[in-house]
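Asker: Structure, please.
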Amino acid sequence: MDGTRKLCAVEFKDVRINSEAILGPLHKGWHALTRVLQRAQIGLCADCLGGAQRAMEIATEYAKIRHQFNQPIGAFQAIKHRCAQMFVEVESARSLLYWAAWAQDSGDDQEAAISASAAKAYCTEVYTQITNGAIQVLGGIGMTWENDIHLYLKRAKANESILGDPVYHRERVALLLTAGSKL
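Answerer: Reported below is the predicted structural model:
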């Protein structure tokens, strides 16, 4: 789906290691792996935020230069509202991403887990919504090779499923909130 980056599956089949190669206590690596995955989610959210912001900029720039009925299309209420909504979504995603990044180093384990999953669910959906909206602002040119916005949409759709989709992360947040400190 996203031709701008290569994804693959790594399979460990018939791999044998000796006891000196094991990091930490045997069968106790899940906590460390969870922290690594949370940080990867935050990195992916940063990618989403940057892409969403650029998609918003492309749409608003186009709305200023594209004229219809002797005025820029950005003068029409529907386009203004769509661009304003994009701005609100970008800034709210930024705040959630900053909280999640802060919580990885400064929060407790539960806050770090909740914030990473909340950010992953929200930022990936916002990226998709903004790229969809940008394509609507650009109209037919948004799906041509003359404009890159369709590439942003493909990246947004791919990012939604990487490291768990938004439904998984919302369920994880609900579980963490109801389970208390039990991760």
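
Asker: give me the low-pLDDT residue ranges for the chain?
Answerer: Of all residues in the chain, those with pLDDT under 70 make up the ranges 1-3, 180-183.

Asker: Strands of that one, start to end?
Answerer: 67-68, 71-72 (DSSP state E).

Asker: Name the nearest residue to N132, sequence neighbours excluded.
Answerer: Of all residues not flanking N132 in the chain, L153 sits nearest, at 6.7 Å (Cβ to Cβ, 6 or more residues apart in numbering). Bear in mind the C-beta positions are built from the backbone N, C-alpha and C, glycine included.

Asker: follow-up on the earlier one: of the strands of the chain, which is nearest G50?
Answerer: Closest approach to G50 among the strands of the chain is made by strand 71-72 (26.2 Å; Cβ to Cβ).

Asker: partner strands of that closest one, parallel or antiparallel?
Answerer: Partner strands for strand 71-72, per DSSP bridges, with pairing direction: strand 67-68 (antiparallel).

Asker: Report the contact partners of the residue nearest to N132.
Answerer: T128, T131, N132, I135 (Cβ atoms under 8 Å, 6 or more residues apart in numbering).

Asker: what's the answer for I114, then?
Answerer: A103, V173, L176, L177.

Asker: mind listing what's buried in stretch 163-180?
Answerer: By neighbour count on 16 or more other Cβ atoms under 10 Å, the buried set for stretch 163-180 is L163, G164, P166, H169, R170, R172, V173, L176.

Asker: Starting from A21, give me the distance back to the fifth one.
Answerer: Taking Cβ to Cβ, to the nearest Å as the measure, R170 and A21 are separated by 37 Å.

Asker: Which positions in the helix of greatest length in the chain come out as buried?
Answerer: Assignment by DSSP state H gives helix 30-65 as the longest helix of the chain. By neighbour count on 16+ other Cβ under 10 Å, the buried set for helix 30-65 is 38-39, 41-42, 44-49, 51-56, 58-60, 62-63.

Asker: what about A101, how many residues close to it?
Answerer: As a burial measure, A101 scores 19 neighbours (other Cβ atoms under 10 Å).
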